[in-house]
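Q: following is a predicted model, sequence given first.
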Amino acid sequence: MINIYTQKEQGEEWLRRYRGYLPVFACVLGFTETGLIPGISAAGRTPEDRKYTACADAEFLYYGPEHKAQYPLPPLAAGASPVLISRAVFESLKIPVHLFNAGLPQPPAVPVIDLGGAPAKCLSGGAAMEITTVHHLFKQGLFWGERLAGNIQQGYLIVGECVVGGTTTALAILTGLGIEAAGKVNSSHPVCNHAQKWALVQAGLEKMMESSEHREINFQSPIQNPKSKIKNSIDPLQLVAAVGDPMQVVVAGMAIAASRSCGVMLAGGTQMLAVYALISAIAQVYTLSWRPEAVVVGTTRWVAEDPTGATVDLALSLGKGSLTQSGRTPPLLATHLSFADSRYPQLRAYEQGFVKEGMGAGAACIAAHLSQDWQQHQLLAAIEAQLERLSTASH
């Protein structure tokens, strides 16, 4: 039920360690105006729909299908929101859920911990966020990572995300850290829009380099961090401010702090591989302690085996960047969940490459298998039941 694609031994060790234990789930919601570009994402049919995707997913995750939602799940070109998968598992296993607002255009209609962030501007401008916001969000991540882990005796922390357009900011972070990621990331489209993503990323990184040159002249503050042992290396937090999104730095902080005392599963594909690279770089540049062996990346088979991306290859490249060697390559795990036999066309669409992942869906399935030994038929039945309740409730 769980495939290990990289770092097999470390992955197996991690799974052995947490078999039989329940996780705690933290989901970090964020927004980047990159997600409003026509055609960039399939997580919401129109740019207007995509403004509310994170709010809708958070509401469904928290209250379930019967709740009269202030932000109903957005219509998708095909498929159904991955939050159906997460909700099915978390509800059945009674896994505690904590929602964090790292920077949304409007507050979600659920109990959420507001981290005092702000939505990011489009990364193509090379000035996505204020550096003060990035530092603030990183500190919040460290604080909450330690706090959540402090309440976990034996289990582990799953950290998920919802950021529409987030695979594009992920590509920007990976590229900025010197990792060859072009053509390897995933998307919610059946065929990844690599060229569109790459053009935005190149524009953003060029603008960032231009403004950093001006900064050196004006303020005599070179971009390298004083604490960095690497010459001319970029400050990873400065990189997030230029081309990132608010979720990335919060999750990086959470994982660094939580890894010191419990296991951490970064829930997602491309976006969490970018966060893992960010963790390695931040830890190295700012000399922060963390335990790489405690951290794994958990996703769905549709991401890990996406024929229009190269997720496994991307995971393997993480250990090659000068700033990311400290973390090596993370174990990449994926649930074997299949919707091929589902009676719902919205779920079968996943097998055609639509949607793929989000809201911790893959990690939720891994957790169900680890703690209750759930198999394919149990997962499918629970997910279909959510969808059935949703269609009954909305009629």
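A: Alright, I've got the coordinates. In this text the structure is predicted, and so the values were computed from the model without any measurement. Numbers count the residues shown, from 1 in each chain.

Q: continuing past the lowest-mean-pLDDT helix or strand in the chain, what's the next helix or strand?
A: Least confident helix or strand, the chain: helix 194-219 with a mean of 84, by mean pLDDT, DSSP states H and E. For helix 194-219, the succeeding helix or strand toward the C-terminus, using DSSP states H and E, is helix 236-243.

Q: which strands and helices sit next to the helix or strand that that following helix is followed by?
A: Next helix or strand after helix 236-243 toward the C-terminus (DSSP H and E): helix 246-259. In terms of contacts (3 or more Cβ pairs under 8 Å, 6 or more residues apart in numbering; DSSP states H and E), helix 246-259 is packed against strand 24-30, strand 97-103, helix 131-150, strand 156-162, helix 166-176, helix 236-243, strand 263-267, helix 270-285. To be clear about C-beta, it is placed using only N, CA and C from the backbone, and glycine gets the same treatment.

Q: apply 6 Å and report the result again.
A: strand 24-30, strand 97-103, helix 131-150, strand 156-162, helix 270-285 (3 or more Cβ pairs under 6 Å, 6 or more residues apart in numbering; DSSP states H and E).

Q: make JSON lines out of those and add distance to Trp374 and mean pLDDT.
A: Formatted as JSON lines, the helices and strands packed on helix 246-259 follow (distance: least, Cβ to Cβ, whole Å; pLDDT from 0 to 100):
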{"stretch": "strand 24-30", "distance to Trp374": "16", "mean pLDDT": "98"}
{"stretch": "strand 97-103", "distance to Trp374": "18", "mean pLDDT": "98"}
{"stretch": "helix 131-150", "distance to Trp374": "24", "mean pLDDT": "98"}
{"stretch": "strand 156-162", "distance to Trp374": "15", "mean pLDDT": "98"}
{"stretch": "helix 270-285", "distance to Trp374": "22", "mean pLDDT": "97"}
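
Q: of all the ones you listed, which one is nearest Asp245?
A: strand 24-30 (5.1 Å; Cβ to Cβ).

Q: just checking, what packs against the following helix or strand past that closest one?
A: Sequence-wise, the next helix or strand downstream of strand 24-30 (DSSP H and E) is helix 47-50. Of the remaining helices and strands, none touches helix 47-50 by 3+ Cβ pairs under 6 Å, 6+ apart.

Q: where are the low-confidence patches of the chain?
A: Residues of the chain that meet the criterion pLDDT under 70 lie in 214-233.

Q: circling back to that earlier point, which of the residues in the least confident helix or strand of the chain are buried?
A: Residues of helix 194-219 classed as buried by neighbour count (16 or more other Cβ atoms under 10 Å): His194, Gln196, Lys197, Trp198, Leu200, Val201, Ala203, Gly204, Leu205, Lys207, Met208, Ser212.

Q: between these, which is closest to Ser338?
A: His194 (25.9 Å).

Q: distance check, the closest one against Thr270.
A: 12 Å (Cβ to Cβ, to the nearest Å).

Q: adding distance to Val303, write the buried residues of helix 194-219 out as JSON lines.
A: Formatted as JSON lines, the buried residues of helix 194-219 follow (distance: Cβ to Cβ, whole Å):
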{"residue": "His194", "distance to Val303": "15"}
{"residue": "Gln196", "distance to Val303": "19"}
{"residue": "Lys197", "distance to Val303": "16"}
{"residue": "Trp198", "distance to Val303": "19"}
{"residue": "Leu200", "distance to Val303": "21"}
{"residue": "Val201", "distance to Val303": "19"}
{"residue": "Ala203", "distance to Val303": "26"}
{"residue": "Gly204", "distance to Val303": "24"}
{"residue": "Leu205", "distance to Val303": "24"}
{"residue": "Lys207", "distance to Val303": "30"}
{"residue": "Met208", "distance to Val303": "28"}
{"residue": "Ser212", "distance to Val303": "33"}
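
Q: pretty sure Ile131 is touching Ala241, no?
A: Yes. With contact defined as Cβ atoms under 6 Å, Ile131 counts as touching Ala241 (4.5 Å).

Q: more neighbours, the two?
A: Ala241 (22 against 14; other Cβ atoms under 10 Å).

Q: can you pull the contacts of that one?
A: Met129, Ile131, Val134 (Cβ atoms under 6 Å, 6 or more residues apart in numbering).

Q: and those residues, which is closest to Ala80?
A: Among the contacts of Ala241, and counting by Cβ to Cβ, the member closest to Ala80 is Met129, at 31.4 Å.

Q: count the neighbours of Ala382 for me.
A: Quick note: Ala382 (other Cβ under 10 Å) scores 20 neighbours.

Q: just to be sure, it is in a strand?
A: No. Secondary structure of Ala382 (DSSP: H, G, I helix; E, B strand; the rest coil): helix, not part of a strand.

Q: I'd like the distance between it and Arg19.
A: 20 Å.

Q: would you map the helices across the stretch 251-395 of the chain?
A: 270-285, 301-304, 311-317, 345-348, 361-372, 376-393 (DSSP state H, counting those that start in this stretch).

Q: and of these, who's closest to Asp57?
A: Across those, Asp57 has its closest neighbour in helix 361-372 (10.2 Å, Cβ to Cβ).

Q: next, count neighbours for Val285.
A: 23.

Q: can you give me the separation between it and Leu323?
A: 7 Å.

Q: okay, and the common contacts of these two?
A: Counting by Cβ under 6 Å, 6+ apart, nothing touches both Val285 and Leu323.

Q: phi and psi next, for Ser86.
A: With angles defined as degrees, to the nearest 10, Ser86 sits at phi -60, psi -50.

Q: isn't it up against Gly358?
A: No. Using Cβ under 6 Å, Ser86 is not in contact with Gly358, being 8.4 Å away.

Q: what would the contacts of Ala241 look like in JSON lines with distance to Ala182?
A: Converted to JSON lines, those look like this (distance: Cβ to Cβ, whole Å):
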{"residue": "Met129", "distance to Ala182": "23"}
{"residue": "Ile131", "distance to Ala182": "26"}
{"residue": "Val134", "distance to Ala182": "24"}
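
Q: which one of those residues sits closest to Glu388?
A: Lowest distance from Glu388 to these (Cβ to Cβ) belongs to Met129, with 40.8 Å.

Q: what about the closest one? Give its phi and psi, please.
A: Dihedral angles (degrees, to the nearest 10) for Met129: phi -140, psi 160.
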